[in-house]
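Trainee: generate coordinates for the sequence data below:
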Amino acid sequence: MAKELERRGLPVALISAIPMIPLGAGANRVVRGVRVEHVCGDPGLSTEADRALRRQIVGTALKALQTPVEGPTLFDPANGSVS
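Mentor: Predicted coordinates:
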């Protein structure tokens, strides 16, 4: 679905705990999530730390939407890297 939306001109940032799957499927912007059962957070953290982690992941996804890419690209919120 992400590829079809991109094809129609809508940028998509896909958050995934297993980024190799959407990258292998050709998704253009993939943001590394935390775990399969908690992609955008970690309930084992304190409330404040979990909120900060979620904001970091969503912030990375928003940055990914603004970044022009030529093909499958991984955005990592942990270190701000793009590969």
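Trainee: centre-most residue in this structure?
Mentor: Centroid-nearest residue in the chain, with Cα atoms, centre = their mean: Val31, separated by 1.8 Å.
Trainee: doesn't it belong to a strand?
Mentor: Yes - assessed by DSSP: H, G, I helix; E, B strand; the rest coil, Val31 belongs to a strand.
Trainee: pretty sure it contacts Gly59?
Mentor: No - with contact defined as Cβ atoms under 8 Å, Val31 does not count as touching Gly59 (9.7 Å). Every C-beta, even on glycine, is put in place using the N, C-alpha and C of the backbone.
Trainee: what touches both of these two?
Mentor: Residues within reach of Val31 and of Gly59 at once, by Cβ atoms under 8 Å, 6 or more residues apart in numbering, are Pro77.
Trainee: burial count for Ala78?
Mentor: 11 (other Cβ atoms under 10 Å).
Trainee: I figured it hits Arg32, correct?
Mentor: Yes - using Cβ under 8 Å, Ala78 is in contact with Arg32, at 7.1 Å.
Trainee: for Gln66, give its distance to Asp50.
Mentor: From Gln66 over to Asp50 the distance is 25 Å, taken as Cβ to Cβ, to the nearest Å.
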